[in-house]
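Trainee: A structural model of the following input is requested.
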Amino acid sequence: MSVQIKSLIDHLQSFPAIWDSNDECYHRRDVRDKQLEELATLCNANVLDLKKKYNSLRTRFRKVGKCYVLSLYIFVYENKYCLLLR
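Mentor: Residues are numbered from 1 along each chain as shown. I've put the predicted structure just below:
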């Protein structure tokens, strides 16, 4: 059964041990596994599919975020460079 992305994102916020590295339970695998099972129940999916979908979304978010930050840096750099040429 496939995982619905919107459902996953909506429910994921209530399970910080899965995504928040500042959470005290983040490094406890037993707590994370239990929360993943609960999340899978809410999303009507199995745990393995849920982990794959979450990792895919997290990786994609990081890649897009890096591109966005890099594009902002280049934009600011080019604008400063243009101002120096004037």
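
Trainee: Just the element for residue 22, please.
Mentor: Using DSSP states H and E, no element contains residue 22; it sits outside every helix and strand.

Trainee: Count residues in the vicinity of it, would you?
Mentor: Using other C-beta atoms under 10 Å, residue 22 is surrounded by 6 other residues. The way it works is simple: take the backbone N, C-alpha and C, and place the C-beta from them, glycine included.

Trainee: Kindly report the same for residue 23.
Mentor: When counting by other C-beta under 10 Å, one arrives at 15 neighbours for residue 23.

Trainee: next one: residue 29
Mentor: When neighbours are defined as other C-beta under 10 Å, residue 29 has 10 of them.

Trainee: Could you measure from the residue lying closest to residue 16 once chain neighbours are set aside over to residue 37?
Mentor: Distance criterion C-beta to C-beta, 6 or more residues apart in numbering; nearest residue to residue 16, sequence neighbours excluded, is residue 23 at 4.4 Å. Separation of residue 23 from residue 37 (C-beta to C-beta, to the nearest Å): 17 Å.

Trainee: same question, residue 46
Mentor: Where residue 37 is concerned, residue 46 sits at a distance of 10 Å (C-beta to C-beta).

Trainee: Which strand or helix spans the most centrally placed residue in the chain?
Mentor: Nearest residue to the geometric centre of the chain (C-alpha atoms, centre = their mean): residue 58, 3.3 Å. Assignment of secondary structure by DSSP H and E places residue 58 within helix 47-85.
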